[in-house]
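**Student:** Fold the following and give me the result.
(one chain, ligands or ions: 1)
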Amino acid sequence: MPVAEISAKSILRKQKRVDSWFISFCGMNLYRGCTHNCAYCDGRHEKYNVNGVFERDIEVKINAPELLKKELDPSRKSAPLGKGFVLLGGGVNDSYQPVEKKYEITRQALKILAEYGYPVHILTKSVLIKRDFDLIQKINKKTKALVSFSISSTDDNISKVFEPGASLPSERLETLSYFRRNGINGGIFYMPVIPFVTDTPKIMDKTLSDIKSAGAQYIVSSGMTLKSGKQKEHFFKILSNYNSSLIPSYNNVYKENIYGSATSGYYNSLNKTLLSLNKIHKIPLRIPLSLFSDILNENDRISVILDQLDYLLKLKGQSSLYGFASYSISQLKHPVSEIADLRQIKGVGPVTEKLIREIIITGTCNYYEKEMAIK
Ligand code: SF4
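**Tutor:** Numbers count the residues shown, from 1 in each chain. You can find the predicted model right below:
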């Protein structure tokens, strides 16, 4: 495996708002490229400009710990960082891919985040995360830690084809169980569900059942995207070897849209299956407020609650304007509770105003709690 040590110019990727999927306000890519080599990986797409062969030529940001220390230093004059989790994972690498065994860049980053008192959310497909249990526990005691594993199903044989370099799903779930038994919050990013491969009701039912047994506190689910170019070419190569008769079905649902999205008809039917199966398994479909409410400021808490509500309603096929209000609130400079007329905020009408006032007083709202509870 060719590894190139590179020096990055900066390391923290700040977001414009706290993300309601990961509850993060910033993240980092400590590596570029990923030997987990998932067939569907979006990081392969040309827009990310990853040099070389994505699954082979790994770049290690060798100065990442030094940069992180500098960027977190409270005496720096730059704008203060927001609240929420620092996300390790996602993007164009997995922070616990095999090269981490040698370089320990992720471990060093965790040490610094622990020292500076930042909450951390880690998303991975590797059991190597267990090596850092001591640091994750330390962060959890001081601020908060969240450990998430991503899976496309819990079928080890399918994973060997579509995620050949990652730990097996059974091992990921076993590791999640270990963290949960030892007092660390965590759950599953059930994504992507692979069309016509892992999206059958039978496989999804087994997946939800396994996730529940592992002690997951949430599932955050999403369908697959497939952008034209390197991502689609690579995926089709693997799919053809697995079962070439599926290609026409893919051409029917992926119509060359610039975001790589499948048709809304496909996603709607996937959502319906997920919702109906989850009536049996009853796992929250977003990271629950109880796992993050104390690390967000007032505006971010309101914004995330409204955005999660927006997602849950749309998942059921209902329309919602809460997403618009959520965005407006995330951009405010002053606490919402200091604004006398909440209707001045774009997207806030009488119903949303009522919800916001309830959140200001109680920290949550009944409507949200009801939607998060699985009936
Ligand atoms: S683990 Fe994540 S970054 Fe790595 S190949 Fe798989 S999807 Fe891509």
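**Student:** Any stretches of the stretch 1-150 of the chain with poor pLDDT?
**Tutor:** Scanning the stretch 1-150 of the chain for pLDDT under 70 picks out 77-82.
**Student:** What segments of it are helices?
**Tutor:** Counting by DSSP state H, counting those that start in this stretch, the stretch 1-150 of the chain has helices at residues 64-72, 99-103, 105-116, 133-142.
**Student:** what about these, which gets the closest to the ligand?
**Tutor:** helix 99-103 (11.4 Å; CB to the nearest ligand atom). For every residue, glycine as well, the C-beta is placed using N, CA and C.
**Student:** Any idea how many residues pack against the closest residue to the ligand within the stretch 251-375 of the chain?
**Tutor:** Nearest residue of the stretch 251-375 of the chain to the ligand, counting by CB to the nearest ligand atom: Gly260, 13.8 Å away. Neighbour count for Gly260, taken as other CB atoms under 10 Å: 17.
**Student:** give the contact list for it.
**Tutor:** Asp42, His45, Thr225, Leu226, Lys227, Ser228, Gln231, Lys232, Tyr254 (CB atoms under 8 Å, 6 or more residues apart in numbering).
**Student:** Could you rerun that using 10 Å?
**Tutor:** Applying CB atoms under 10 Å, 6 or more residues apart in numbering, we find Gly260 in contact with Asp42, His45, Met224, Thr225, Leu226, Lys227, Ser228, Gly229, Gln231, Lys232, Tyr254.
**Student:** State the distance from the third one to Ile305.
**Tutor:** Which is Met224. Shown here: Met224 relative to Ile305, a distance of 28 Å by CB to CB, to the nearest Å.
**Student:** pLDDT averaged over the longest strand seen in the chain - what is it?
**Tutor:** Identified as the longest strand of the chain according to DSSP state E is strand 185-193. In this model, strand 185-193 has an average pLDDT of 98.
**Student:** which residues are in contact with the helix or strand that that strand is followed by?
**Tutor:** The helix or strand immediately downstream of strand 185-193 is helix 201-213, counting by DSSP states H and E. Residues from elsewhere that reach helix 201-213 (CB under 10 Å, 6+ apart): 149, 151-155, 158, 169-170, 173, 176-177, 187-188, 190, 193-194, 197-198, 200, 216, 218-219, 221, 270, 273-274, 276-278, 280-283.
**Student:** List buried members of the residues you listed by neighbour count.
**Tutor:** Among the contacts of helix 201-213, the ones that count as buried by 16 or more other CB atoms under 10 Å are 149, 151-155, 158, 169, 173, 176, 187-188, 190, 193-194, 197-198, 216, 218-219, 221, 270, 273-274, 277-278, 281, 283.
**Student:** and those residues, which of them are in strands?
**Tutor:** Reading strands off the buried ones among the contacts of helix 201-213 with DSSP E, I get Phe149, Ile151, Gly187, Ile188, Tyr190, Val193, Ile219, Ser221.
**Student:** Take those and lay them out in CSV including distance to the ligand.
**Tutor:** What follows is those, written out as CSV (distance: CB to the nearest ligand atom, whole Å):
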residue, distance to the ligand
Phe149, 10
Ile151, 11
Gly187, 17
Ile188, 14
Tyr190, 13
Val193, 14
Ile219, 17
Ser221, 15
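**Student:** Turn those residues into CSV, columns for distance to Lys206.
**Tutor:** As requested, these are arranged in CSV below (distance: CB to CB, whole Å):
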residue, distance to Lys206
Phe149, 16
Ile151, 12
Gly187, 18
Ile188, 14
Tyr190, 12
Val193, 13
Ile219, 14
Ser221, 15
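**Student:** Looking at those residues, which is nearest Ile112?
**Tutor:** Nearest to Ile112 among these is Phe149, at 23.5 Å by CB to CB.
**Student:** Show the contacting residues for the residue nearest to Ser221 when sequence neighbours are not counted.
**Tutor:** Using CB to CB, 6 or more residues apart in numbering and skipping residues adjacent in sequence, the residue nearest Ser221 is Tyr190, 4.2 Å away. Tyr190 is in contact with 149-154, 198, 204, 207-208, 211, 216, 218-222, 274, 283, 285, counting by CB under 10 Å, 6+ apart.
**Student:** Lys101 now?
**Tutor:** Lys101 neighbours (CB under 10 Å, 6+ apart): Arg107, Ser126, Leu128, Arg131.
**Student:** before we move on, what about Lys346?
**Tutor:** Residues near Lys346 by CB under 10 Å, 6+ apart: Phe324, Ala325, Tyr327, Ser328, Ile329, Gln331.
**Student:** go on, Gln308?
**Tutor:** Contacts of Gln308 were listed using CB under 10 Å, 6+ apart, and they are 20-21, 23, 284-289, 322-323, 326, 368, 371-372.
**Student:** if we can go back for a sec, for the ones in strands among the buried ones among the contacts of helix 201-213, which two are the farthest from each other?
**Tutor:** Maximum pairwise distance in these, criterion CB to CB, is 15.8 Å, between Gly187 and Val193.
**Student:** got the residues of the protein near the ligand?
**Tutor:** Residues of the chain lying close to the ligand by CB under 6 Å from any ligand atom are Cys34, His36, Asn37, Cys38, Cys41, Gly43, Asn93, Asp94, Lys125, Ala166.
**Student:** since we're on the third one, how many residues are nearby?
**Tutor:** Going back to what we said before, that points to Asn37. By the criterion of other CB under 10 Å, Asn37 has 20 neighbours.
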